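Asks: please find the sequence and the predicted model below.
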2 protein chains.
Amino acid sequence: MTQAVRHDSMRARNLGVVLHEIRRSGPITRAALAEITGLTKTTVSKMVGDLLGGGMVVESGALREGERGRPGTAVSLSGDRVAALGLEIGVDHLSACVVDLTLSVRLRRTQAVDNRSTSPVETLHHLRKLAHRAVDEARSKGLVIAGSTLAVPGPVDDGLLRAAPNLGWRDVRVGDLLDFPVTVENEANLAALGELWFGSGHDDFLHVSGEANIGAGLVVGGALFRGARGHAGELGHVIVSPGGPACHCGGRGCLEQYAGQEALLKAADVLGGIPELVERLRGGETTALRACDRAGQALGVALTSAVRLTDPGAIVLGGIFAPLFPWIGGRTRDMLTARLAGTRQAVPGLGVSRLGGAAATLGAAGQVIHRIIADPGAHLTTTRPGTA
Amino acid sequence: MTQAVRHDSMRARNLGVVLHEIRRSGPITRAALAEITGLTKTTVSKMVGDLLGGGMVVESGALREGERGRPGTAVSLSGDRVAALGLEIGVDHLSACVVDLTLSVRLRRTQAVDNRSTSPVETLHHLRKLAHRAVDEARSKGLVIAGSTLAVPGPVDDGLLRAAPNLGWRDVRVGDLLDFPVTVENEANLAALGELWFGSGHDDFLHVSGEANIGAGLVVGGALFRGARGHAGELGHVIVSPGGPACHCGGRGCLEQYAGQEALLKAADVLGGIPELVERLRGGETTALRACDRAGQALGVALTSAVRLTDPGAIVLGGIFAPLFPWIGGRTRDMLTARLAGTRQAVPGLGVSRLGGAAATLGAAGQVIHRIIADPGAHLTTTRPGTA
DNA sequence: ATGTTAAGTCCAGAAGATGGATTAAAACGG
DNA sequence: CCGTTTTAATCCATCTTCTGGACTTAACAT
């Protein structure tokens, strides 16, 4: 429900509005901030003062544009103090990254671990060590880690990883196995948010994160759409052909049976991984090309349904679909264009994510930063209790 | 963007919070309101006073539950003053309804008009007369119409009806043809909202409004999901079978080709309308039964995809699917259950709307009421300018 | 030099929420 | 049956936060 605005929450909210605007509009003077937010110069000045004190923004010198009057001193986000830790448990790797308030990636560590063969306790032991190393290194750069988020390959309910079929995990309360507070979230969702904050700059798009299974994250107006129970975006089990091959989900003809990593490699008759498939595609091998054609068509059908239902502004392909795009994208785009042409609905652009495998980890760190920017007051009071 | 909270908007917002809570928690004392909203008793008292003055709530006598102390005087929404007008242009009818603040339907008028054969100007002339009669009648009951919304059978962009294929209309600025301010909105969306406010009481569901074309409205957390451009919910053109019959949208095998009104009647070999089809189904006619089987299966396939993508809490069938439910629902439910069984995703309940054809008109009026409750301050100042 | 313009700060004041004291109305208990 | 307890609602002084105009500062124009 909409919460009541108390006096202090009004301040917190406005502080967030100001900081958000500083982020959005780059170096900007207090006067311009006042104009944009609708607050008075007085109020903005006081808030900027607090943010300066908390090390969240810096004055970046006079800003003059040949105008007549006194030049304003611009303020912008500071990347020197506040930072966030993003973590990811993948099927065959662990990774961590540290991102500062300006969303600059300050450090990144990846470690190959085959998590299919290890228990949650063991995996999380490795992750803990990785995280500690990252935090120490960030600290040596003068950064303070304000929080962390962990990306996991499966649906999450309130901190509980419900099922990660590719890890063989079920109902693991992942956060409790670490010795620092962490938010746990679905990898597909975080990859979409990674694309939002570190990617092409769209505000409305459907991000397809084809890893071992095909997930999708829908971003509308800069916010993630989660559905009623948080399980939205299961693009992999959208039905492409109702009479198609049986799927482990109980259905038949799910997208995953045509364009999932496993199905694709099998159809292409490739025993290795995606890199080998790409190799063969480059070599023009017919079986491989035909498998990608089929996958591209199936993806087009599934995305057509997705567009009808969710009306995304654009479509961004990530995960395995990024390297395969040259051999898949054409079919997919043709399918979409043909099937959406007859209505007034605009055909969303189809593109590739440039983030590669880092999308989810970046999204995880970005989520922490995003929360701080939305409510800087909380961060100011928790980190500087004696300064009020 | 999140807007800055100025001093006056804080008051407006809290007034909305209080009124919302009065609506949600029925007759409730000021003390309980203070506890729930987190505001102080003083603040709540003052606000309730203003709302009483504006005729939006009434004191409904002492509320005593055998407790020890002084009994509180409960306040609840008043249905005696503020009301809203809901309008609808259908393919073969116009309708209007008046709903008061308590969401009680105070009056309803429907008029059969074949809008396929008339121009927008002509149709809206009829609608205007219908609306005026409704407003007059409401006024004679002491009600004040605070606003109106109009449901139209097609996608709307910012007041512009983009296309209504079943009316043969295109790019009509509907609101300008009436002599009172009106919000224009897609019929499928409003039907979903009608179901939300006047229906079964769910807060998360997908409402399927099968009229001439099949639309769907997704409600999540009590709010309508519109997608990036407001065209989400086109369930009728979700692909059921990629090689199926061609559809006017440019695709093949869209749901509408199996379960749309036209396709269904044709497959059942019925020349009349849905009532005749129901008649034949009751008589056990094989062609009709088989057509419904096929439609039910197709609907199940499309809904499976929709569930995967949007994770609705429940599914509510409205429009033509309500009367046909006994012959369609079983197949649809089987399909959903079978195809969702293998994952942890809960199977959403499948039910029928009890609102019949009135859903969209009710939703239209409800939207106005909902806005007033969210921001009663605006209404109080516009209707009682001298009382501040 | 002097005027003009705009940025940023200062300060009195208004709007609105807060918290404790007070009054009001019921139930309980001897 | 009357005092005690308990809770509701209001009153009032206070506090917080934003507001709006006055003031100071810094650059450019003439």
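Replies: Yep, it's here.

Asks: okay, and residue A:52 sits in which element?
Replies: Using DSSP states H and E, residue A:52 sits within helix A:41-53.

Asks: now the residue of the stretch 51-200 of chain A at minimum distance from DNA strand D: phi and psi?
Replies: Here the stretch 51-200 of chain A gets closest to DNA strand D at one residue, residue A:70, 3.0 Å apart by Cβ to the nearest atom of the strand. Where you see a C-beta, it was placed from the backbone N, CA and C, and this is true even at glycine. Phi and psi for residue A:70, reported as degrees, to the nearest 10, are phi -60, psi 130.

Asks: now do it, the pLDDT please.
Replies: At residue A:70, the predicted lDDT confidence score is 86.

Asks: can the helix holding residue A:52 be found next to chain B?
Replies: No - Helix A:41-53 lies out of reach of chain B by Cβ under 8 Å from any Cβ of the partner chain, never closer than 8.7 Å.

Asks: interface residues of chain A facing DNA strand C?
Replies: Contact residues, chain A versus DNA strand C (Cβ under 7 Å from any atom of the strand): A:5-7, A:29-32, A:41-42, A:45, A:48-49, A:67-74.

Asks: again, only using 10 Å
Replies: Neighbours of DNA strand C within chain A, by Cβ under 10 Å from any atom of the strand: A:4-10, A:28-35, A:40-49, A:52, A:59, A:62-65, A:67-75.

Asks: with residue A:374 as the reference, measure out to the residue of the stretch 51-200 of chain A closest to DNA strand D.
Replies: 32 Å (Cβ to Cβ, to the nearest Å).

Asks: over to residue A:193?
Replies: Residue A:193 is 13 Å from residue A:374, by Cβ to Cβ.

Asks: next, the closest residue to residue A:242 other than its chain neighbours: secondary structure please.
Replies: Of all residues not flanking residue A:242 in the chain, residue B:301 sits nearest, at 4.9 Å (Cβ to Cβ, 6 or more residues apart in numbering or on different chains). Assigned with DSSP: H, G, I helix; E, B strand; the rest coil, residue B:301 falls in the helix class.

Asks: tell me if I'm right that residue B:301 and residue B:335 touch.
Replies: Yes - between residue B:301 and residue B:335 a contact is recorded at 6.3 Å, counting by Cβ atoms under 8 Å.

Asks: residue at max distance from the center of chain A?
Replies: residue A:68 (43.4 Å; Cα atoms, centre = their mean).

Asks: give me phi/psi at that residue?
Replies: Torsion angles, degrees, to the nearest 10, at residue A:68: phi -80, psi -60.

Asks: go on, residue A:172?
Replies: phi -100, psi 130.

Asks: report how many residues lie close to residue A:20.
Replies: 17 (other Cβ atoms under 10 Å in any protein chain shown).

Asks: mind checking the SS state of it?
Replies: Once three-state DSSP is applied, residue A:20 turns out helix.

Asks: all helices for chain A, in order.
Replies: A:7-24, A:30-37, A:41-53, A:120-140, A:187-198, A:256-259, A:261-268, A:274-282, A:286-310, A:321-340, A:359-374, A:376-383 (DSSP state H).

Asks: where among those helices is average confidence lowest?
Replies: helix A:376-383 (a mean of 83).

Asks: can you pull the contacts of the nearest residue to residue A:11 once chain neighbours are set aside?
Replies: Nearest residue to residue A:11 in three dimensions, chain neighbours excluded: residue A:377, at 6.7 Å (Cβ to Cβ, 6+ apart). Residue A:377 makes contact with A:11-12, A:15-16, according to Cβ atoms under 8 Å, 6 or more residues apart in numbering or on different chains.

Asks: of those, list those near DNA strand D.
Replies: Within those, those near DNA strand D by Cβ under 10 Å from any atom of the strand are A:11-12, A:15.

Asks: so what's residue A:252 up against?
Replies: Residue A:252 makes contact with A:239, A:241-246, B:339, according to Cβ under 8 Å, 6+ apart.

Asks: across the sheet, point out what pairs with it.
Replies: residue A:246 (DSSP bridges).

Asks: re earlier: how much space is there between the residue nearest to residue A:242 and residue A:333?
Replies: Distance of residue B:301 to residue A:333, given as Cβ to Cβ: 24 Å.

Asks: between those two, which has more neighbouring residues?
Replies: Taking other Cβ under 10 Å, residue B:301 and residue A:333 do not tie; residue B:301 has more neighbours (29 against 19).

Asks: so what's the more buried one up against?
Replies: By Cβ under 8 Å, 6+ apart, the neighbours of residue B:301 are A:239, A:242, B:240-241, B:255, B:335, B:339.

Asks: 10 Å - rerun?
Replies: A:239, A:241-242, A:251-253, A:305, B:238-241, B:253, B:255, B:258-259, B:332, B:335-336, B:339 (Cβ atoms under 10 Å, 6 or more residues apart in numbering or on different chains).

Asks: now the stretch 1-150 of chain A against DNA strand C: closest residue?
Replies: Closest point on the stretch 1-150 of chain A to DNA strand C, by Cβ to the nearest atom of the strand, is residue A:69, at 1.9 Å.

Asks: chain B contacts on the stretch 251-388 of chain A?
Replies: Taking Cβ under 10 Å from any Cβ of the partner chain as the criterion, the stretch 251-388 of chain A approaches chain B at residues A:251-255, A:297-298, A:300-314, A:335, A:337-346, A:348, A:374.

Asks: if we can go back for a sec, tell me, what's touching residue B:301 and residue B:335 both at once?
Replies: The overlap between the contact sets of residue B:301 and residue B:335 (Cβ under 10 Å, 6+ apart) consists of A:239, A:242, A:251.
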